[in-house]
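Peer 1: Okay, predicted coordinates and the sequence, questions at the end:
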Amino acid sequence: MLEIKALKSAYGRIEVLHGIDLSVSSGEIVTVVGANGAGKTTLLKCLSGVQPVIGGSISFRGETMTHVPGHKRLKRGLAQSPEGRQIFTNLSVEENLRLGAFLFTDARVDQDMAEAFQMFPVLKEKRNLNAGGLSGGQQQMLAIARALMGRPACLLLDEPSMGLAPILVAQIFDVVKGLKALDVTVLLVEQNAFGALSIADRGYVMETGRVTISGSAKELIADPRIREAYLGH
Amino acid sequence: MPELMQFLLSGLTVGAVYALVALGFTIIYNASDVVNFAQGEFVMLGGMITVFAYGAGAPLPLAAAVAILTTVFVGVALNKLAIEPARGAPVVSLIIITIGASILIRGVTQIVFDKQIHRFPAFTGDAPIPFFGATLLPQSLWVVGGALTVFVGLYLFFTKTLTGKAVLATANNRLAAQLVGINTGWVMTLSFGLSAAIGALAGVLVTPITLTSYDVGIGLALKGFAAAMLGGMGNPKGALVGGLLLGVIEAMTAGYLSSQYKDAAAFVVILAVLFAMPQGLFGAKSTERV
């Protein structure tokens, strides 16, 4: 479904992605783990078209979209729940969700919103409140729900566990795992390697702008190099 | 008592113009955090172009439409040629660009038209209407009615339409707006066009009362800015109330103190707001968790 070949990106003249090869098949949960600064977020920004690509290619559902502008990528089925949630803090919870479906005006929008509220009942309780007043965990739920409102075929999730209490982390990972049943393919970027690998089918390890190890999630969890570097034992 | 009523009426009329300028500020500020100091030039263009189109023989409504459309074109061009290429620059730089643009627009207007003071006839005659012992010009009703209509229209646009919410979303978080499929470049174009249209409309409405010339923009921009600050920058309700309030304060200052102090009222208001309540009357108190 998503095919990334020799992808390069730079901030100014400093190259930060040195040729990433990565693929995600339809229906999979694939995770990219690695330390802070490895280039994981930059990779997702390239995929969403909000960070310039200077080499390589991205193809999605058989179409090249290396240089398609950011606002046109959701229409093609690629959504992102960005790092740091990036919800619209000046609008209500419901307005955030409605804007997630900005591309649509049909009756399914209401239906999707009802499903989002079913998935995250706490958002329903707070639907008319300003999103800026939500707690970190609630903001994360809103960010995921907003991305799902765009009816994506593939969801890019950037650090959904960041800054959350362990109980909320478990809840968020459960939701991500449940996306499989909704036919949403997931590319999950995480520093929480163990949590991410335990729900993923396959994984990639990134270090300083390169993929260093890849394999099935089971292999990666068992890999001594990864256990040592990322799992802490 | 009739004196007070007279000051109040003229204050509300001028205040309605300030409110329209402040609403123009509000739209662009909401979309981009930029305070567009060329907003006053939009008002000037609205008046000046109507004067010359009317002088060339066009009926007044057509002349007004030409003026508003031309000003929209200027507003969009300002965004495309000066603001968009500087995207990513600090907001202060963008504000300085708008000051530069306002000087350019003023200069070009002075060359294309002239340096004289102009007016065109009021829409529905000049016969004063008696009102509780004071008199009211019919054109004042047009000005106040215009401001209220624009306010209601904008309120509905920002709270009821998806496009309006997309503008607010873009202002709040440009990255996230792009990720949900909003074309943020188009939102900026829309905001500048809308702002220019509102400014030009204000110019068309008020010129029969206050007259116009190539250099009326800078004063209006500063008054409108004071009004927007007083009401709370970024809030349409604040722009309306702030504008009307500033107009009344100005009229009372001119009436009861001295007309020489009239223009000082706006600046005293800016200072008082900045010292006492920087968010203005209706400004959002920012309570955001991170």
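Peer 2: Right, received. Where do you want to start?

Peer 1: Residue nearest the middle of chain A, spatially speaking?
Peer 2: Among the residues of chain A, the one closest to the centroid is A:L157, at 1.2 Å (C-alpha atoms, centre = their mean).

Peer 1: Please state the offset of stretch B:70-80 from the chain centre?
Peer 2: Here stretch B:70-80 is found 15 Å from its chain centre; the criterion is C-alpha atoms, centre = their mean, to the nearest Å.

Peer 1: For it, buried residues please.
Peer 2: Within stretch B:70-80, the residues scored as buried using 16 or more other C-beta atoms under 10 Å in any protein chain shown are B:70-72, B:74-76, B:78-79. For the C-beta atoms, the positions are set from N, CA and C on the backbone; glycine is no exception.

Peer 1: same deal with stretch B:30-42?
Peer 2: By neighbour count on 16+ other C-beta under 10 Å, the buried set for stretch B:30-42 is B:30-32, B:34-42.

Peer 1: Among the residues you listed, which ones are in helices?
Peer 2: Members of the buried residues of stretch B:30-42 lying in helices (criterion: DSSP state H): B:30-32, B:39-42.

Peer 1: any idea which of the residues you listed is the one closest to chain A?
Peer 2: Closest to chain A out of these is B:N30 (9.2 Å), distances taken as C-beta to the nearest C-beta.

Peer 1: before we move on, which element is the nearest residue to that closest one once chain neighbours are set aside in?
Peer 2: Closest residue to B:N30 apart from its sequence neighbours, by C-beta to C-beta, 6 or more residues apart in numbering or on different chains: B:A171 at 4.7 Å. For B:A171, the host element (DSSP states H and E) is helix B:162-172.

Peer 1: re the thing from before, tell me the pLDDT at the residue nearest to B:N30?
Peer 2: Note on B:A171: pLDDT of 86.

Peer 1: That one contacts B:V34, correct?
Peer 2: No: assessed by C-beta atoms under 8 Å, B:A171 is found out of contact with B:V34, at 10.1 Å.

Peer 1: shared neighbours, these two?
Peer 2: Residues touching both B:A171 and B:V34 (C-beta atoms under 8 Å, 6 or more residues apart in numbering or on different chains): none.

Peer 1: What segments of chain A are strands?
Peer 2: Assigned by DSSP state E, chain A shows strands spanning A:2-11, A:14-24, A:29-33, A:53-60, A:63-64, A:78-81, A:154-158, A:185-190, A:202-207, A:210-216.

Peer 1: Out of the ones you listed, which is closest to chain B?
Peer 2: strand A:78-81 (5.1 Å).

Peer 1: so which of the strands of chain A is the most packed in?
Peer 2: Between the strands of chain A, strand A:78-81 has the highest mean count of neighbours, a mean of 28, where neighbours are mean count of other C-beta atoms under 10 Å in any protein chain shown.

Peer 1: That one: partners in the sheet, and parallel or antiparallel?
Peer 2: Sheet pairing of strand A:78-81 (DSSP bridges) gives strand A:154-158 (parallel).

Peer 1: and the partner strand, how far from the chain's centre?
Peer 2: On C-alpha atoms, centre = their mean, the centre of strand A:154-158 falls 2 Å from the chain's centre.

Peer 1: who touches that strand?
Peer 2: Against strand A:154-158 from outside (C-beta under 8 Å, 6+ apart): A:1-2, A:24, A:40-41, A:44, A:47-48, A:60, A:77-83, A:144, A:147-148, A:176, A:179, A:184-189.

Peer 1: In terms of pLDDT, where does the closest residue to A:K45 other than its chain neighbours sit?
Peer 2: Leaving aside its chain neighbours, A:K45 sits nearest to A:Q51 (3.5 Å; criterion: C-beta to C-beta, 6+ apart). Here, the pLDDT recorded for A:Q51 equals 91.

Peer 1: need the contact list for A:Q51.
Peer 2: A:9, A:42, A:45.

Peer 1: Over to A:T185?
Peer 2: Contacts of A:T185 by C-beta under 8 Å, 6+ apart are A:1-2, A:24-29, A:153-155.
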